[in-house]
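Peer 1: kindly generate the corresponding structure for this input.
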Amino acid sequence: MNYLPCVEIEPSSTADAAVIWLHGLGADGHDFEPIVPELKLDGVAAIRFVFPHAPARPVTVNGGFVMPAWYDILDINIDRRVDIDQLMDSADAVRLLVDREMERGIDSRRIVLAGFSQGGAVAIQTALTYPHRLAGLLGLSTYFATHDRVRPDPVNRDIPVKLCHGTADPVVPERIGRDGCERLREMGYGADYKTYPMEHAVCMEEIADVSSWFRTIFGSP
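Peer 2: You can find the predicted model right below:
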């Protein structure tokens with residue numbers, strides 16, 4: 001099986017949970033690696049953090065420059081136009097990583113999918129369509145790119161969803177993130193949405209909130 005290359009951080013004891021966390025455009029799997037100790041989850045669960053590297057591809061809005069990207073962004077207008085086929089391919093690749101965690105002995109109900117920016121768009125598509133119950137979905141500074149074509153699997157209809165966004169985000173305007181949350185709610189998902197006074201980034205208040213959410217999700221095996 002050809003899996004995406006990943007950075008993996010193992011817990012001190014045998015893993016009983018996993019977080020698969022997708023980076024944003026132009027970054028790589030190391031981007032969110034430093035956040036793990038900041039989450040302060042030792043003692044909460046034995047969590048394996050998996051940070052995949054996106055493949056390198058030309059990105060239209062960046063003049064065709066080749067960079068790590070989950071999919072091409074064709075137009076960066078307010079509603080942004082993306083290469084949906086590439087997004088779906090990336091979702092399929094992430095789905096294989098979830099399958100691998102299950103093969104490693106992690107119950108699917110102990111696996112969280114997370115993503116920042118375009119990584120979040122892939123995480124949303126993957127989580128909503130995955131055929132086994134997941135622990136949760138975390139989206140940071142992201143948007144619901146596949147809202148008009150996603151075919152959700154009922155098994156994850158009530159999956160816990162947490163969405164965070166910066167009020168001053170110049171890359172993915174906060175309105176797009178809020179619209180995505182509203183679309184999820186219209187589809188029946190109980191999405192929690194919170195904004196922070198930041199740009200296209202993460203902040204310590206957000207990290208603390210994400211840590212608290214993980215504690216709720218993984219509090220007991």
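Peer 1: may I have the phi/psi pair for the most far-flung residue of the chain relative to its centre?
Peer 2: Distance to the chain centre peaks in the chain at residue 63, reaching 25.8 Å (criterion: C-alpha atoms, centre = their mean). Phi and psi for residue 63, reported as degrees, to the nearest 10, are phi 70, psi 20.
Peer 1: show me which residues of stretch 97-114 are buried.
Peer 2: With burial defined by 16 or more other C-beta atoms under 10 Å, the residues of stretch 97-114 counted as buried are 97-101, 106-108, 110-114. No exception for glycine: its C-beta is placed from N, CA and C like everyone else's.
Peer 1: got CSV for those, with distance to residue 130, pLDDT and secondary structure too?
Peer 2: Below are the buried residues of stretch 97-114 laid out as CSV (distance: C-beta to C-beta, whole Å; pLDDT from 0 to 100; DSSP: H, G, I helix; E, B strand; the rest coil):
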residue, distance to residue 130, pLDDT, secondary structure
97, 11, 98, helix
98, 6, 98, helix
99, 9, 98, helix
100, 13, 98, helix
101, 11, 98, helix
106, 13, 98, coil
107, 13, 98, coil
108, 8, 98, helix
110, 13, 98, helix
111, 9, 98, strand
112, 12, 98, strand
113, 8, 98, strand
114, 14, 98, strand
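Peer 1: from these, pick the one nearest residue 24.
Peer 2: Checking the buried residues of stretch 97-114 against residue 24 by C-beta to C-beta gives residue 114 as the nearest, at 11.8 Å.
Peer 1: that closest one reaches residue 141, doesn't it?
Peer 2: No: counting by C-beta atoms under 8 Å, residue 114 stays clear of residue 141, with 11.8 Å between them.
Peer 1: so what sits against both of the two?
Peer 2: residue 120 (C-beta atoms under 8 Å, 6 or more residues apart in numbering).
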